[in-house]
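>>> Need coordinates for the following:
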Amino acid sequence: MFRRINYKFMITKKIILNIEYRKLVPYESKMYREIRLESLLQFPDSFETNYEEAVNTEKLRMEIDIENQNPKKSVWGAFADQKLVGLCAFVIDDNNMGNIYQMYVKKDFQGKNIGSELIQSAIQEGKEKFNIAEVSLEVASKNHSAYSLYKKNGFEETNCESNETSEILVMKYTL
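The predicted structure follows:
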């Protein structure tokens, strides 16, 4: 199932772009790799994986899942003029819970509700296809913009063994 929503945004010089939201298909795995590496380079403290590790990996785990179209592991993309400008990896675990990983929107496209649409697209598919009741994610405690995005989309911090010195916060969304 593809969830396609088109929005128009004014970008510098009054160029209007259409944003399309959908799951990546096998031939787009290289686009995924490019934007994933960019996210690790731009925000090294926001992800568990580091750029050096990833750039030296022949195929990233989600690249393989995109190519194999694993139904329980998908990457949602935001496309502007057929260019991937945002992504959100969504994985259904063995307990039938949804998990969001690798959330990223290119700098020029941030603040335009693209992240929210990616999250909601992934959650909607999880609800419809897998009847999930909960979605969880982890966010770096210093990543205030991501934290705000998740709060805006209904995620709440959990009380699971976190302490004041923890660098990672666990957040959950209940359907």
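>>> Who are the contact partners of S136?
Counting by CB atoms under 8 Å, 6 or more residues apart in numbering, S136 touches M97, G98, N99, I100, T158, V170, M171, K172, Y173. C-betas here are computed from N, CA, C, even on glycine.
>>> can you tell me which of the residues you listed lies nearest to G86?
I100 (12.8 Å; CB to CB).
>>> For my notes, confirm that closest one occurs in a strand.
Yes. Under DSSP: H, G, I helix; E, B strand; the rest coil, I100 falls within a strand.
>>> Surely it is in contact with V135?
Yes. Under the criterion of CB atoms under 8 Å, I100 makes contact with V135 at 6.3 Å.
>>> Find residues that contact each of these two.
Common neighbours of I100 and V135 (CB under 8 Å, 6+ apart) are A122.
>>> Can I get stretch 95-114 in PDB, CA atoms only?
Extracted as PDB, the C-alpha positions of stretch 95-114 are listed here (Å, rounded to 0.1, in the frame of the first residue of the first chain):
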ATOM      1  CA  ASN A  95       6.000  -8.500  19.600                       C
ATOM      2  CA  ASN A  96       4.100  -6.800  16.800                       C
ATOM      3  CA  MET A  97       5.200  -3.400  17.900                       C
ATOM      4  CA  GLY A  98       6.200  -0.700  15.500                       C
ATOM      5  CA  ASN A  99       9.600   1.000  15.800                       C
ATOM      6  CA  ILE A 100      10.800   4.100  14.100                       C
ATOM      7  CA  TYR A 101      14.500   4.500  13.200                       C
ATOM      8  CA  GLN A 102      16.700   6.700  11.100                       C
ATOM      9  CA  MET A 103      14.300   9.700  11.000                       C
ATOM     10  CA  TYR A 104      15.900  12.400   8.800                       C
ATOM     11  CA  VAL A 105      14.900  15.400   6.700                       C
ATOM     12  CA  LYS A 106      17.400  17.400   4.600                       C
ATOM     13  CA  LYS A 107      18.100  20.800   6.100                       C
ATOM     14  CA  ASP A 108      16.500  22.800   3.300                       C
ATOM     15  CA  PHE A 109      13.200  20.900   3.900                       C
ATOM     16  CA  GLN A 110      13.100  20.900   7.700                       C
ATOM     17  CA  GLY A 111      10.300  22.900   9.300                       C
ATOM     18  CA  LYS A 112       7.800  22.100   6.500                       C
ATOM     19  CA  ASN A 113       5.900  19.300   8.300                       C
ATOM     20  CA  ILE A 114       7.700  16.600   6.200                       C
END
